[in-house]
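Student: Let me see the structure of the following:
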Amino acid sequence: MLPEVASWLRRRTSTAGDWPPHALLAAKGAARISVVLPARDEEATVGAIVAAIRADLVERIPLVDEIVVVDSRSTDRTAAVAAAAGAGVVAQDAVLPGHGRMSGKGEALWKSLAATSGDLLVFVDADLRGFTSSYVTGLLGPLLADPSVGYVKGCYDRPLVEGGRPVEGGGGRVTELVARPLINLHWPLLAGVMQPLGGEYAGRRALLERLPFVTGYGVELGLLLDVFQDSGLDAIAQVDLGRRVHAHQSTEALGEMSGQIMLTAWSRLERHGRMVPLGAPSTALTQFRRAPGGHDTRTSDVGVGERPPMIEVPAYAAARSFTPGRG
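Tutor: Residues are numbered from 1 along each chain as shown. Here you go, the predicted model:
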């Protein structure tokens, strides 16, 4: 391990238990805090997550100012369940409609900047099981304690649930097989980030709004690499949130996710001046499945779209300039 990474791990890694809610409330001052849940067809889990945040961090301790669920074209009752639990719900395509429709988780996260008012934003996936509000307080802790921290990643144990039984250490397959080797090869100073693709993280609006957002599965890797490029390693912290249990995708779906992760890494290598490409990468991914007559082939496009920094969107910049006390 590089000495810079070892030093960063010592200084910038904490646990959720290090950040009690009452201490955070005392440190909050005039800052507004928004919690964002991007959600698509998550009626089974989104309500419990929203209810826990509202009960613990809005009603019991007034730390969180708004809970916003960005509904990404759900076909189930996600929006209704979230609203009943106490969240503000916005339809992804209703935010900045003049900028057209793109797809993917990153699109919902990008739109959330225009749909929220917080100075600090906490992002939480809507498919978590066994969620506790310590996820939110843990991620907020380093931001409220240290103004030099701009971005906080959650880390945790990720069991793989098979047949209703957890396989410890079996989750995070794309992280271990794709993202971590890429990071160690090309961004070795980020080797201490334990969950680079994890969906639980927090950041300062002033930082997030000047970053581009990849619209697909590469959004978490893109943000991490862009924060590092923009602000340096010491602007990043991580917090151990304990355990993360959620639904897992098929191997084929993970293949598509891996393709988007690799293309996102390629784009940042080029943009940040870490390579000189001799040609553009292909965005086609061909996969095979056994069939009665041999093998069926399926080719999908894993190309990643990208949204510009939100601060460059005229409607957003104009709205922010008229918000007292906000930058």
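Student: Kindly check the end-to-end length of stretch 196-210 for me.
Tutor: One end of stretch 196-210 sits 20 Å from the other (C-alpha to C-alpha, to the nearest Å).
Student: How about stretch 270-284?
Tutor: Termini of stretch 270-284 sit 20 Å apart (C-alpha to C-alpha).
Student: Show me the helices in the stretch 201-327 of the chain, by range?
Tutor: Under the criterion DSSP state H, counting those that start in this stretch, the stretch 201-327 of the chain contains helices at 205-208, 219-231, 251-271, 314-321.
Student: Among those helices, show me which one is buried the most.
Tutor: Across the helices of the stretch 201-327 of the chain, averaging neighbours per residue (mean count of other C-beta atoms under 10 Å) puts helix 219-231 on top, at a mean of 22. Every residue, glycine included, has its C-beta placed from N, CA and C.
Student: Rounded mean pLDDT for it, please.
Tutor: Averaged across helix 219-231, pLDDT comes to 97.
Student: same deal with stretch 183-200?
Tutor: Mean predicted lDDT for stretch 183-200 stands at 96.
Student: Start at 21, not 1
Tutor: All right, first residue 21 from here; so that's stretch 203-220.
Student: For that stretch, give me every contacting residue.
Tutor: Here stretch 203-220 makes contact (C-beta atoms under 8 Å, 6 or more residues apart in numbering) with 21-22, 24-26, 28-29, 33, 125, 143-145, 155, 159, 173-176, 178, 192, 194-195, 199-200, 240-241, 244-245, 248, 253, 256, 258, 261, 264, 281, 285, 289, 294.
Student: swap in stretch 89-108?
Tutor: Identification of contacts with stretch 89-108 by C-beta under 8 Å, 6+ apart yields 56-63, 66-68, 70-71, 74, 78, 86-88, 109-113, 115, 125, 127-129, 131-132, 135, 146.
Student: Among the residues you listed, which lie within strands?
Tutor: Judged by DSSP state E, the subset of these located in strands is 56, 57, 58, 59, 86, 87, 88, 109, 110, 111.
Student: Tell me which stretches of the stretch 21-170 of the chain form helices.
Tutor: With DSSP H, counting those that start in this stretch as the criterion, the stretch 21-170 of the chain has helices at 23-32, 41-48, 66-74, 98-105, 125-135, 154-165.
Student: Pull out the buried positions in the next helix or strand along the chain from the last one.
Tutor: Same thing as helix 154-165. Past helix 154-165, further along toward the C-terminus, the next helix or strand under DSSP states H and E is strand 171-177. Neighbour-count burial for strand 171-177 flags 171, 172, 173, 174, 175, 176, 177 (criterion: 16 or more other C-beta atoms under 10 Å).
Student: what residue ranges in the chain score low on pLDDT?
Tutor: Judged against pLDDT under 70, the low-scoring parts of the chain cover residues 179-191, 266-268, 342-347.
Student: Spatially central residue for it, please.
Tutor: residue 219 (3.8 Å; C-alpha atoms, centre = their mean).
Student: Does residue 260 touch residue 176 like I think?
Tutor: Yes - counting by C-beta atoms under 8 Å, residue 176 is a contact partner of residue 260 at 6.8 Å.
Student: Now compare the buried residues of strand 171-177 and name the two farthest from each other.
Tutor: 171 and 177 (21.9 Å; C-beta to C-beta).
Student: Next, count neighbours for residue 120.
Tutor: 7 (other C-beta atoms under 10 Å).
Student: quick revisit: so for residue 324, which of the helices of the stretch 21-170 of the chain sits nearest?
Tutor: helix 125-135 (8.1 Å).
Student: Report the buried residues of that closest one.
Tutor: Under 16+ other C-beta under 10 Å, the buried positions of helix 125-135 are 125, 126, 127, 128, 129, 130, 131, 132, 133, 134, 135.
Student: And stretch 250-259, by the same measure?
Tutor: 251, 253, 255, 256, 257, 258, 259.
Student: What of stretch 32-43?
Tutor: Result for stretch 32-43 [16+ other C-beta under 10 Å]: buried residues 32, 33, 34, 36, 39, 41.
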